[in-house]
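# sequence first, predicted coordinates after that:
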Amino acid sequence: MSISVALLAYKEAENLKILLPQIIEQVEKCGEEYEILVVDTKEPLDLSLIHI
């Protein structure tokens, strides 16, 4: 099994410096291969369009 982590980011460079090491630390505890995808959205997302 492998783990994929996907993050959408808009002007989050400073926060990612803090968040990414924390994510890596937690994912490595699983002992599985993993990938982290950071997608720069280039503009704010309209979260009202997302229906869960």
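Everything's here; your move.
# doesn't N15 fall inside a helix?
Yes. Under DSSP: H, G, I helix; E, B strand; the rest coil, N15 falls within a helix.
# helix, strand, or coil at I36?
With three-state DSSP as the basis, I36 sits in strand.
# thought it was touching I23?
Yes. Using C-beta atoms under 8 Å, I36 makes contact with I23 at a distance of 6.3 Å. (Each C-beta comes from the backbone N, C-alpha and C, glycine too.)
# tell me the centre residue of this protein?
L7 (2.7 Å; C-alpha atoms, centre = their mean).
# so what sits against both of I36 and I23?
Taking C-beta atoms under 8 Å, 6 or more residues apart in numbering as the criterion, I36 and I23 both touch V5.
# before we move on, the earlier item: roughly how far apart are the residue nearest to the centre of the chain and I18?
The spacing between L7 and I18, counted by C-beta to C-beta, to the nearest Å, is 13 Å.
# which strands or helices does the helix or strand containing the residue nearest to the centre of the chain pack on?
Using DSSP states H and E, L7 sits in strand 2-9. Helices and strands touching strand 2-9, by 3 or more C-beta pairs under 8 Å, 6 or more residues apart in numbering; DSSP states H and E, are helix 13-28, strand 33-40.
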